[in-house]
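*Asks:* quick one: sequence and predicted model below, then my questions.
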Amino acid sequence: MIKRIFSAGGIVIKNVDGDLFVLVTQHSKHKGWDFPKGHLELGETSEKAAVREVFEETGVVAEVVEKVGESKYFYFEDKQRVFKTVVYFLMRFVSPGESTTPEEVSEIVWLAPEKVEEKLTFKDTKEVWRMAKGKLEVND
């Protein structure tokens, strides 16, 4: 039997003196570079989960601008096949804060948009980033 997991994540954009920067994190266990994301809690919307996960993993307070897209993939966990759906939101940086689950992330970087794709580890995340990048030009 296949287990289904629903997660949400944020592509956080920060404007510093007219220059845009994008938040990218390195996962502590598998060391992959990705956007902060995590499981939806019972009764939680994707938007609320994305805001919560960004804060928990990075300490960054951010607000949702719009939905970007989603990635779907299979993996194995404890010998069970898992089908995971992750909804990603374009988010605007509001303020820095203190991460509540820093052990999940080993490194946090803010990158110029043109550096993001080469830093990301996973093909699915790179595709979501391309969708988000197209929206950046509209929201600038």
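*Replies:* On my side now, so go ahead.
*Asks:* can you list contacts of the biggest helix by length in the chain?
*Replies:* Secondary structure of the chain per DSSP state H: the longest helix is helix 123-139. If you take C-beta atoms under 8 Å, 6 or more residues apart in numbering as the criterion, helix 123-139 is touched by 11, 13, 20, 34-35, 65-66, 68-73, 86, 88, 90, 113, 116-117, 120. For glycine as for every other residue, the C-beta is placed from the backbone atoms N, C-alpha and C.
*Asks:* for that helix, give the mean pLDDT please.
*Replies:* Averaging pLDDT along helix 123-139 yields 86.
*Asks:* before we move on, back to that, now, the contacts of helix 123-139 that are in helices?
*Replies:* Pro113, Val116, Glu117.
*Asks:* so who does the last one touch?
*Replies:* Shown in contact with Glu117 (C-beta under 8 Å, 6+ apart): Lys126, Trp129, Arg130.
*Asks:* same question for the first one.
*Replies:* With C-beta under 8 Å, 6+ apart as the criterion, the residues that contact Pro113 are Leu20, Val22, Lys133, Leu136.
*Asks:* could these go into a markdown table alongside neighbour count and distance to Ile2?
*Replies:* Below are these laid out as a markdown table (neighbours: other C-beta atoms under 10 Å; distance: C-beta to C-beta, whole Å):
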| residue | neighbour count | distance to Ile2 |
| --- | --- | --- |
| Leu20 | 16 | 39 |
| Val22 | 24 | 33 |
| Lys133 | 17 | 32 |
| Leu136 | 15 | 35 |
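*Asks:* list the buried residues in the helix or strand encompassing Phe6.
*Replies:* Taking DSSP states H and E as the criterion, the element that holds Phe6 is strand 3-16. Neighbour-count burial for strand 3-16 flags Ser7, Ala8, Gly9, Gly10, Ile11, Val12, Ile13, Lys14 (criterion: 16 or more other C-beta atoms under 10 Å).
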